[in-house]
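[1] Here is the input, now give the coordinates:
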Amino acid sequence: MTSTHPRKRPQRRSEIPHGPQQDMGLQQIRDALPPAPAPCTVEPAPCPVGDEVPPELLALVTHHCRRINAVTTSQR
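    So this is what the prediction gives:
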C-alpha cells in the first residue's frame with residue numbers, strides 16, 4: 001500500500017550559525033566581571049579527636065559507606 005502523503009525530505013543543516021553564539025556571550029560576561037582578588041587559602045579544620053565524635057556515629061558512617069560501595073559495585 002502506498003501512502004498518499006509525499007515523503008518528507010530531511011532538512012539540510014546550514015553551515016551558517018543561527019541563534020546566540022555561546023562563546024561570544026561567555027566572553028562578554030568575562031569582560032564585564034571585575035578582576036578576581038588575590039587567591040587565598042584557609043587552613044583545614046583539625047580532625048576531631050577523642051570524645052568529640054561518638055563511636056556510634058563513626059560506626060554508622062562506616063556502615064553506610066560500605067553499603068553504598070556494595071550497591072555501587074553490584075550495579076556495574
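[2] Tell me where the chain is predicted with low confidence.
    For the chain, applying pLDDT under 70 flags the ranges 1-14, 16-21, 47-51, 75-76.
[3] what about the helices in the protein?
    Secondary structure of the chain (DSSP state H): helices at 22-32, 55-74.
[4] what does the last one rub up against?
    Meaning helix 55-74. By Cβ atoms under 8 Å, 6 or more residues apart in numbering, no surrounding residue is in contact with helix 55-74. Heads up, the C-betas are built off the backbone N, CA and C, glycines and all.
[5] Now it: buried residues?
    Of all the residues in helix 55-74, not one is buried under the rule 16 or more other Cβ atoms under 10 Å.
[6] and what of the first one?
    Buried residues in helix 22-32, counting neighbours by 16+ other Cβ under 10 Å, are absent.
[7] Report all helices and strands that that helix contacts.
    Counting contacts by 3 or more Cβ pairs under 8 Å, 6 or more residues apart in numbering; DSSP states H and E, helix 22-32 is packed against no other helix or strand.
[8] contact partners of it?
    Applying Cβ under 8 Å, 6+ apart, helix 22-32 turns out to have no external contacts.
[9] Among the helices of the chain, which comes closest to residue 15?
    Residue 15 sits nearest to helix 22-32 of all those, at 16.7 Å, using Cβ to Cβ.
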